[in-house]
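Participant: Pasting the sequence and the predicted coordinates here, then a few questions.
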Amino acid sequence: MPALEVPAIMPAQEAIHRPLPGPAEIVSRTSRHNIVNGFIALLFAVTGPLVILLSVGRNGGLSADDISSWIFAAYAVGGALTVVYSLLYRQPIAIMWTIPGAVLVGASMNHLSFPEIIGAYLASGVLILVLGLTGTVGRIMGAIPLPIVMGMVAGVFLPFGIAMVDAFGTAPTIAGVMLLTFLVVSRIAALARLLPPVLAALLTGAAALAFGDTFTFERPLTFAFASPNLYWPVFSWQAIAELTVPLAVTVIGIQNAQGFVILQQVGYRPPQNALTTACGYGSLVFGILGSVPTCVTGPSNAILNTSGPKEDRYISGMVFGILAIAFGVSAPFMTALGLALPTAFIAMLGGLAMLAVLQGAFVSAFRGDFTLGALTAFIVTMSGMTLLNVGAPFWGLVFGYLVSRLLEPDAFRKLRDAAEG
């Protein structure tokens with residue numbers, strides 16, 4: 001009797017890049033660019049975003065143990081996913097936690113219990129997982145023209161450039177030293193090949209901190225390991241209706257959209273369905289440990305692609321992931337160290353690292369077709385609006401797409417003709 005053939009109901013995930021690199025190849029491809037970019041991306045991820053996490057947790061009445069478990073999941077588990085997927089697909093893929101999702105949850109903590117919120121985390125993880133396994137995300141992202149997505153990305157990243165300028169008002173010496181160093185090293189090509197300009201800015205900025213009085217600790221710096229908790233969810237219709245879809249949108253329509261387009265912009269083909277599936281599985285683990293859902297990050301991916309040969313940048317992702325694991329495991333110690341860094345120092349470092357990405361976003365958004373849609377996406381994203389508990393970057397994509405559909409039909413015809421030809 002012939003075997004029954006079961007039709008595939010779920011498309012295969014994107015193929016893993018084979019052969020996988022072995023230890024010898026990884027060591028041989030590791031360079032100062034990989035290490036510096038991974039370190040700076042981690043430094044960015046554990047400062048500004050961490051402050052948001054701490055603020056949401058404290059304002060929501062979470063205990064120190066709850067917040068520590070959240071930090072462990074967000075960084076240690078996220079770091080492990082980063083290492084695995086950067087290695088499997090030979091791309092610098094930073095997988096962390098959704099910042100707008102944390103802000104969204106913070107507004108719900110005054111009327112929902114934490115176990116109810118955990119239940120919404122898990123429901124969001126299941127929704128994200130289904131969208132990834134069925135290939136829905138890949139089709140949606142493929143239908144949105146790149147210039148519109150880049151308009152949204154430009155709106156998300158522009159505040160980092162503005163924060164870099166603002167740093168001159170709060171710490172002019174540190175900001176000036178770092179900017180001058182970056183410009184000088186960038187201008188001297190031979191020196192830039194030996195010393196990445198962002199690393200040079202980091203070193204001189206750290207020296208300025210050491211000789212100043214702006215580096216202080218809010219609490220005693222003692223080493224301690226994180227103690228993650230396991231949470232039993234409570235599934236309430238109120239929490240699921242209020243949070244599940246908005247949380248999934250923050251992952252897919254805001255964070256992952258940024259991360260994917262950053263990778264595309266530098267020449268990679270990010271495995272969108274596989275990464276969305278990973279975010280679904282990751283969100284289930286994150287949720288049990290008390291953290292908001294998993295996502296592919298935009299800013300960290302941008303920093304990981306700052307410099308170095310493209311074929312070696314997956315090492316930057318692995319460095320970032322390993323450092324994130326170390327941070328999550330030693331969360332109490334590393335949190336005190338990261339929070340001691342002045343805002344101006346982080347703003348300058350992050351702004352300098354993302355200058356090239358911001359430039360590329362503007363060029364891609366406004367140099368060809370779909371410029372009106374891209375402009376709409378940029379303006380809506382910059383507005384910071386919130387509608388139906390969903391943030392501005394998602395609505396930037398929605399309104400940008402609708403404006404182009406209505407007012408730039410020729411651009412869509414050209415895009416369709418090019419795809420068919």
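Facilitator: Noted; the coordinates are in hand.

Participant: in the protein, what secondary structure element scores lowest on mean pLDDT?
Facilitator: Scoring the helices and strands of the chain by mean pLDDT, DSSP states H and E places helix 331-339 at the bottom, with a mean of 67.

Participant: right, and the helix or strand after that helix?
Facilitator: Note on helix 331-339: by DSSP states H and E, the next helix or strand toward the C-terminus is helix 343-353.

Participant: So what touches that next one?
Facilitator: 37, 40-41, 43-44, 47-48, 160-161, 163-164, 166-167, 170-171, 174-175, 178-179, 182, 197-198, 201-202, 205, 209, 214, 299, 302-303, 306 (C-beta atoms under 8 Å, 6 or more residues apart in numbering). The C-beta positions use only the backbone N, C-alpha and C, and glycine is treated the same way.

Participant: Give me the helices and strands touching the helix or strand in which residue 361 is found, please.
Facilitator: Remark: residue 361 resides in helix 355-366, with elements defined by DSSP H and E. Applying 3 or more C-beta pairs under 8 Å, 6 or more residues apart in numbering; DSSP states H and E, we find helix 355-366 packed against helix 146-170, helix 256-265, helix 371-383.

Participant: at 10 Å what do you get?
Facilitator: Judged by 3 or more C-beta pairs under 10 Å, 6 or more residues apart in numbering; DSSP states H and E, helix 355-366 is in contact with helix 146-170, helix 256-265, helix 299-304, helix 371-383.

Participant: most packed of the ones you listed?
Facilitator: Ranked by mean neighbour count, those are led by helix 299-304 with a mean of 31 (mean count of other C-beta atoms under 10 Å).

Participant: so residue 29 sits right up against residue 319, yeah?
Facilitator: No: assessed by C-beta atoms under 10 Å, residue 29 is found out of contact with residue 319, at 11.3 Å.

Participant: More neighbours: the two, which one.
Facilitator: Taking neighbours as other C-beta atoms under 10 Å, residue 29 and residue 319 compare with residue 319 leading, 24 against 16.

Participant: Residues touching stretch 61-69, excluding its own?
Facilitator: Contacts with stretch 61-69, where a contact means C-beta atoms under 10 Å, 6 or more residues apart in numbering, come from 53-54, 56-58, 60, 70, 109-110, 114, 224-231, 288-291, 328, 331-332, 335.

Participant: among those, which ones are buried?
Facilitator: The neighbour-count criterion (16 or more other C-beta atoms under 10 Å) marks 53-54, 56-57, 60, 70, 109, 114, 226, 228, 231, 288-291, 328, 331-332, 335 among the contacts of stretch 61-69 as buried.

Participant: Show me those residues that map onto helices.
Facilitator: If you go by DSSP state H, these have 53-54, 56-57, 70, 114, 288, 328, 331-332, 335 in helices.

Participant: Quick one: these as JSON lines, columns for distance to residue 341 too.
Facilitator: Listed next are these as JSON lines, based on distance: C-beta to C-beta, whole Å:
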{"residue": "53", "distance to residue 341": "16"}
{"residue": "54", "distance to residue 341": "14"}
{"residue": "56", "distance to residue 341": "20"}
{"residue": "57", "distance to residue 341": "20"}
{"residue": "70", "distance to residue 341": "21"}
{"residue": "114", "distance to residue 341": "30"}
{"residue": "288", "distance to residue 341": "31"}
{"residue": "328", "distance to residue 341": "18"}
{"residue": "331", "distance to residue 341": "16"}
{"residue": "332", "distance to residue 341": "16"}
{"residue": "335", "distance to residue 341": "11"}
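
Participant: Out of the residues you listed, which comes closest to residue 130?
Facilitator: Checking those against residue 130 by C-beta to C-beta gives residue 288 as the nearest, at 18.5 Å.

Participant: OK, contacts around the most centrally placed residue in the chain?
Facilitator: The C-alpha lying nearest the average C-alpha coordinate of the chain belongs to residue 297 (C-alpha atoms, centre = their mean; 1.4 Å). Each residue near residue 297 by C-beta under 10 Å, 6+ apart is listed here: 41, 44-45, 49, 78, 82, 93-99, 255-256, 258-259, 262, 303-304, 320.

Participant: Now do the same for residue 283: helix, strand or coil?
Facilitator: helix (DSSP: H, G, I helix; E, B strand; the rest coil).

Participant: quick one: low-confidence parts of the stretch 251-400 of the chain?
Facilitator: In the predicted model, the stretch 251-400 of the chain carries pLDDT under 70 at residues 334-340.

Participant: Ok, the stretch 51-200 of the chain next?
Facilitator: Scanning the stretch 51-200 of the chain for pLDDT under 70 picks out 51.

Participant: Go again with 90.
Facilitator: Low-confidence segments of the stretch 51-200 of the chain (pLDDT under 90): 51-71, 97-113, 131-167, 169-175, 185-200.

Participant: one step back: put together JSON lines for the helices and strands packed on helix 355-366, with distance to residue 397 on each row.
Facilitator: Below are the helices and strands packed on helix 355-366 laid out as JSON lines (distance: least, C-beta to C-beta, whole Å):
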{"stretch": "helix 146-170", "distance to residue 397": "5"}
{"stretch": "helix 256-265", "distance to residue 397": "7"}
{"stretch": "helix 299-304", "distance to residue 397": "18"}
{"stretch": "helix 371-383", "distance to residue 397": "6"}
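
Participant: So which of those is nearest residue 193?
Facilitator: Closest to residue 193 of those is helix 299-304 (C-beta to C-beta; 19.2 Å).

Participant: chain center to that closest one: distance?
Facilitator: Relative to the centre of its chain, helix 299-304 is centred 7 Å away, using C-alpha atoms, centre = their mean, to the nearest Å.

Participant: check contacts around residue 265.
Facilitator: By C-beta under 10 Å, 6+ apart, the contact list for residue 265 reads 146, 149-150, 153, 301-302, 305, 357, 360-361, 363-364.
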